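1. Next input, structure requested:
(chains A and B)
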Amino acid sequence: MNAQAPPRAELDAVLAFADDELVLGWRDSEWTGIAPFLEEDVAFSSIAQGEIGHARALYELAAGALGRDADALAFDRSPEEYRCAPLVELRLVHDWAGTVARHWLYETADGLRVAALLESDWPELAGLAAKMDREEAYHRMHAQMWADRLRSSAESERFEAAVGELWPYALGLLEGEQRDRLCELVGREPVEAIGRDTHSDELAPLWEEMTMVRRSLPGATW
Amino acid sequence: MIWEVFRQEREGQPFQHGGSVEAPNADFAEAYAIELYGRRAESVALWIVPRDEVREVQEPYVADVFDRDYRRVDGYSLKVKLKEARERAGAPAG
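-> The predicted model follows:
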């Protein structure tokens, strides 16, 4: 354990990150069984699991510092208490162009966020970021190959439209100068971000389903 | 497009055929090969080869049509020859 508790801002950032990964992992898992083809079904399901695994590690880190339980952080808060960005809340299942657009925007932004956390003064967080980055490198590779594929296809306009639609949401993942870096990486002008101060209408139904089993027997040991 | 995937289990070991993946190009094939053959530390390296680039040879060219096992080193059973030689020399077989 840390002799010194991490600063509140850093804890908030870890919780926000955990919520992003949990909710995005959940949304991505909606493609299991219905992805465009079998290999992609396996790959995207595995990426979804990877995100949920990262969420678990982040919740455990935060839970240790807060003296709370990781499962309680993940599932026992009300929807308003989640700090995820609206980008990850959107239900994009059946819209593969939109899903790839979000995946590509998220992983690009996530690369910036993880790189910054590698420098954290909280050693456990810096160590976790390094572990996560190894898996995220694969996620970024997967996202980039799909973005390249759709951009060079007959459906490129559809993909670009999806990126444009999600762009204000993607900026909402990051703060401050990381937003400027994201603009450079994505090649887009800054716009007004749809950030963590708000939730989309799609979070509440997602939360209903995500926590349904746990709420069915409060306090149960599984 | 089908890609054949070869896996190396440990450094220094020969690559062995693991299976195949379907993918539209080499980048996708790499990602799916990683996913199916490299995520559980079961491989230290992968080779990913378009199936069309694999030159396959089948019977009759690889068949042993006439029994010419004397051409192969394993065609000589040293054990039998040694036994016969020992018998001829009157030495106890062993």
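2. Please count neighbours and contacts with C-alpha atoms only from this point.
-> Noted.
3. Which residue ranges of chain B form helices?
-> Assigned helices in chain B, in chain order: B:26-37, B:78-89 (criterion: DSSP state H).
4. Sorry, wrong one. I was asking about chain A.
-> With helices called from DSSP H, chain A shows them at A:8-29, A:38-66, A:70-75, A:86-89, A:96-117, A:123-151, A:156-171, A:176-186, A:203-210, A:212-216.
5. what comes into contact with the third one?
-> Put plainly, it is helix A:70-75. A:Asp19, A:Leu22, A:Arg56, A:Tyr59, A:Glu60, A:Ala62, A:Ala63, A:Met210, A:Thr211, A:Arg214 (C-alpha atoms under 8 Å, 6 or more residues apart in numbering or on different chains).
6. what does chain A have sitting close to chain B?
-> Within chain A, the residues that sit near chain B (C-alpha under 8 Å from any C-alpha of the partner chain) are A:Glu39, A:Glu40, A:Val42, A:Ala43, A:Ser46, A:Tyr138, A:Met141, A:His142, A:Met145.
7. among those residues, who's most crowded?
-> Counting neighbours by other C-alpha atoms under 10 Å in any protein chain shown, A:His142 comes out on top of these with 24 neighbours.
8. Now do it, the pLDDT please.
-> Reported pLDDT at A:His142 in the predicted model: 97.
9. Next: the one 3 residues further on.
-> In the prediction, the pLDDT value recorded for A:Met145 is 97.
10. Could you do A:Ser156 as well?
-> In the prediction, the pLDDT value recorded for A:Ser156 is 97.
11. Just to check, it is in contact with A:Ala147?
-> No. At 9.3 Å, A:Ser156 and A:Ala147 do not qualify as touching, with contact defined as C-alpha atoms under 8 Å.
12. Show me the one of the helices of chain A that comes nearest B:Asp67.
-> Taking C-alpha to C-alpha as the measure, those were each checked against B:Asp67, and helix A:38-66 came out nearest at 44.9 Å.
13. Now do A:Leu203 against A:Asp20, distance only.
-> Relative to A:Asp20, A:Leu203 is positioned 12 Å away (C-alpha to C-alpha, to the nearest Å).
14. With A:Tyr169 instead?
-> The spacing between A:Tyr169 and A:Asp20, counted by C-alpha to C-alpha, is 12 Å.
15. what's the answer for B:Glu30, then?
-> With C-alpha to C-alpha as the criterion, B:Glu30 and A:Asp20 are 27 Å apart.
16. do the same with A:Glu135
-> With the distance defined as C-alpha to C-alpha, A:Glu135 ends up 16 Å from A:Asp20.
17. more neighbours, the two?
-> A:Asp20 (26 against 15).
18. Let me see the contact set for the nearest residue to that one once chain neighbours are set aside.
-> The shortest distance from A:Asp20 to any residue other than its chain neighbours is 4.6 Å, reached at A:Cys84 (C-alpha to C-alpha, 6 or more residues apart in numbering or on different chains). If you count contacts by C-alpha under 8 Å, 6+ apart, A:Cys84 has them with A:Ala16, A:Phe17, A:Ala18, A:Asp19, A:Asp20, A:Val23, A:Arg196.
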